[in-house]
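Colleague: Sequence and predicted model, in that order:
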Amino acid sequence: MLIIDVAEHGRLRRPHRLALVAAGALLFVGCAPAASLTRTAGPIAEAAIESGPASTVLKDGDGPAVADVVGGETLSDGAAQAASRVVQAAPAEIVRAPVRIPKPAVPDGPRRVGLQAGHWRTGELPPELRRLEPQTGTSWGGYAEWQLNLDIANRVAAILRGQGFVVDVLPTLMPESYLADAFVALHADGDPNGVARGFKAAHGSRRGPYEDTLVQDIVDEYGAVTGLPHDEGGISRNMLSYYAFSYSRFPWAAAAHTPSAILEMGFMTSAADRVLLLQRPEVVARGVANGVLRFLEEVPGGMAFAEDIVLPPQPPRAPGPPPSGQAPVAGTPPRVG
Ligand SMILES: [Zn+2]
């Protein structure tokens, strides 16, 4: 699928954030890179049961890594494709099953937090993620978003380490199947009109059960500490389908059991937001840290890893070709935006 990279620092209101343009090209606006929206052209073998923690790379959809299963038998990719054709020919036999992601083995030791400095070290990406490379995020006055994100991440890390937590400050390239008590991707927004302002947080889909709590804790604490307005209506599809949440598509993502969120800390293009983002970064960091600390208190150590994750069956894919009319591109990397 052709993916066009334009206006990556821009901000448009929600109806304009995702626009289908000619020949199925996808046009996105916003700073958070997202997983590609490529879809398969037709139904897949529907009985899907996941085995093993989410390190398998699949080539379609945003859902969890699944092994295509027909009649309880786990199939290879090629066999699954053949089975898919059989299933399509005999839809009455389609059985769809829940997706189970086994609980991970968690090493002993201090609790761990991952803080991603958005857009940092994008030159290190493997070919599968190379399309993220030109996504440098927003900027202001020669100060790049990644610099702000990294500064805040390091400040938050210092606070959390002072509380006894192990903290990883992570670049764009995530560790494979990253496992932690909490993971927060830090970003900042841009608006070409300089009008929009405020912060917002979101999590992905088909992941563990604690991400609503993580997002709510961050929203509450970050908002209270910084006093920035909550730009909840500005949550974009780019945030919801952030590539680091898409463990089913890429190994370089947060494991399904890792409570994960993305925080857009404010608009670098807003004079009001910059008063905090650039001039009082210690306040911004305290807001993030308080949200994470509250979450770690509410979800004690081990709780997030204590159970298998069982998800509803993958929703059926709509029959027919994808919007572009083109064959889906296996392994399409995350979009640029
Ligand atoms: Zn960003």
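Modeller: Happy to help now that I have it. Predicted, not measured: the structure shown is a model, and the values here were computed from it. Residues are numbered from 1 along each chain as shown.
Colleague: Residue 151 - that's part of a helix, no?
Modeller: Yes. According to DSSP: H, G, I helix; E, B strand; the rest coil, residue 151 belongs to a helix.
Colleague: At which residues are the helices of the stretch 201-337 of the chain located?
Modeller: Assigned by DSSP state H, counting those that start in this stretch, the stretch 201-337 of the chain shows helices spanning 211-226, 237-240, 271-277, 281-298.
Colleague: Dump the third one to PDB, restricted to CA.
Modeller: Going back to what we said before, that points to helix 271-277. What follows is helix 271-277 as a C-alpha-only set of coordinates in PDB (Å, rounded to 0.1, in the frame of the first residue of the first chain):
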ATOM      1  CA  ALA A 271       3.200  29.500  23.300                       C
ATOM      2  CA  ALA A 272       1.100  28.600  26.300                       C
ATOM      3  CA  ASP A 273       2.200  24.900  26.300                       C
ATOM      4  CA  ARG A 274       5.900  25.900  25.700                       C
ATOM      5  CA  VAL A 275       5.900  27.800  29.000                       C
ATOM      6  CA  LEU A 276       5.900  24.300  30.600                       C
ATOM      7  CA  LEU A 277       7.400  22.100  28.000                       C
END
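Colleague: Would you tell me which residues of the stretch 51-200 of the chain are close to the ion?
Modeller: 118, 137, 187 (C-beta under 5 Å from the ion). For every residue, glycine as well, the C-beta is placed using N, CA and C.
Colleague: again, 8 Å this time
Modeller: 118, 119, 135, 137, 138, 145, 146, 149, 187, 188, 189 (C-beta under 8 Å from the ion).
Colleague: In this structure the fifth one contacts residue 147, no?
Modeller: So that's residue 138. No. At 11.1 Å, residue 138 and residue 147 do not qualify as touching, with contact defined as C-beta atoms under 8 Å.
Colleague: Tell me which of the two has more neighbours.
Modeller: In this view residue 138 and residue 147 are compared by other C-beta atoms under 10 Å, and residue 138 has more residues nearby, 27 against 15.
Colleague: What sits closest to that one if chain neighbours are left out?
Modeller: Of all residues not flanking residue 138 in the chain, residue 190 sits nearest, at 2.9 Å (C-beta to C-beta, 6 or more residues apart in numbering).
Colleague: okay, the one you found: pLDDT?
Modeller: We have a pLDDT of 95 for residue 190.
Colleague: I figured it hits residue 269, correct?
Modeller: Yes. In this structure, residue 190 is within contact of residue 269 by C-beta under 8 Å, at 4.8 Å.
Colleague: mind listing the strands for the stretch 101-250 of the chain?
Modeller: 112-117, 139-140, 143-144, 166-170, 182-189, 200-202 (DSSP state E, counting those that start in this stretch).
Colleague: which other residues reach the second one?
Modeller: Taking C-beta atoms under 8 Å, 6 or more residues apart in numbering as the criterion, the residues outside strand 139-140 that touch it are 9, 145, 190, 268, 269, 274, 278.
Colleague: go again using 7 Å as the cut-off
Modeller: Contact partners of strand 139-140, identified using C-beta atoms under 7 Å, 6 or more residues apart in numbering, comprise 145, 268, 269, 274.
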